[in-house]
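[1] got a structure for you, letters missing:
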């Protein structure tokens, strides 16, 4: 995997040049670490330096070069970021350096989070992102979903709520309630988010939009492109150009 790209459970991080992302929002917390000029715009405010953005906030991003980290709120790193946000929509992040190499950048982020949350030791923010304490049934389900990061994705018809509920010995309504209670997001939109991440992995590996759409369970490349635009502010064509930089 390129040194300026990482996709793993709980974390998608990508170093990009000339990024112009239109208005969008997503389930993840966004850490933006610009190397050159940048402008993150939300309703009523703009941020020109490194910033931390809460989940589900509509925003636009124009960045000459730098990192965008998308972190699931339920991960250990997400927990630290939410603590730092302290209920704010977006905050500026001071004293956070930028390096094109993911390992060096992760060291920078780890050092920064240590300063923000001194009660958390550094080993609690590992490169292999962990999830916070979850119901064991939800934890097992996430581990099954995580297999898609290293293999061809399991098609969405294997993830119907009724089928998953039966596998974990719950009624469908109880499963849906338990999942949202643990994850802070409903099952279907979370599954869509994970399918998007699978598609990103496919695109970055050189698969076409059509192949990526099929392999990650979208109806076609047009469906993938529409969903991609809603969550990332980019068309598939624009995303492919960014991935070609790696």
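    Perfect, I can see it now. Given the structure is predicted, the values throughout are model-derived calculations rather than measurements.

[2] Could you use CA atoms for every contact and neighbour count after this?
    Fine.

[3] ok, residues contacting the longest helix anywhere in the chain?
    In the chain, taking DSSP state H as the definition, the longest helix is helix 187-204. Contacts with helix 187-204, where a contact means C-alpha atoms under 8 Å, 6 or more residues apart in numbering, come from 7, 12, 27, 148-149, 153, 161, 176, 179-180, 209, 211-213, 215-217, 224, 228, 240, 243-244.

[4] out of these, which are buried?
    7, 12, 27, 148-149, 153, 161, 176, 179, 209, 211-213, 215-217, 224, 228, 240, 243 (16 or more other C-alpha atoms under 10 Å).

[5] show me where pLDDT drops low in this structure?
    Applying pLDDT under 70 to the chain flags residues 1-3, 117-130, 132, 149-158, 245-246.

[6] Give the helix, strand or coil label for the residue sitting nearest the centre point of it.
    The centre of the chain sits closest to residue 70, judged by C-alpha atoms, centre = their mean, with a distance of 3.6 Å. Following DSSP: H, G, I helix; E, B strand; the rest coil, residue 70 is assigned to strand.

[7] Do you have the helices of this structure handy? List them.
    Applying DSSP H to the chain gives helices spanning 76-85, 102-116, 136-146, 161-167, 172-183, 187-204, 209-215, 221-232, 236-243.

[8] just so I know, which of those helices lies nearest residue 57?
    Nearest to residue 57 among the helices of the chain is helix 221-232 (10.8 Å), distances taken as C-alpha to C-alpha.

[9] Can you give me the buried ones in that closest one?
    221, 224-225, 227-232.

[10] ditto for stretch 95-106
    So stretch 95-106, judged by 16+ other C-alpha under 10 Å, has buried residues 96, 98-100, 102, 105-106.

[11] Endpoints of that stretch, how far apart?
    14 Å (C-alpha to C-alpha, to the nearest Å).

[12] Stretch 202-217 too?
    Start-to-end, stretch 202-217 (C-alpha to C-alpha) is 12 Å.

[13] just how off-centre is that stretch within its chain?
    18 Å (C-alpha atoms, centre = their mean, to the nearest Å).
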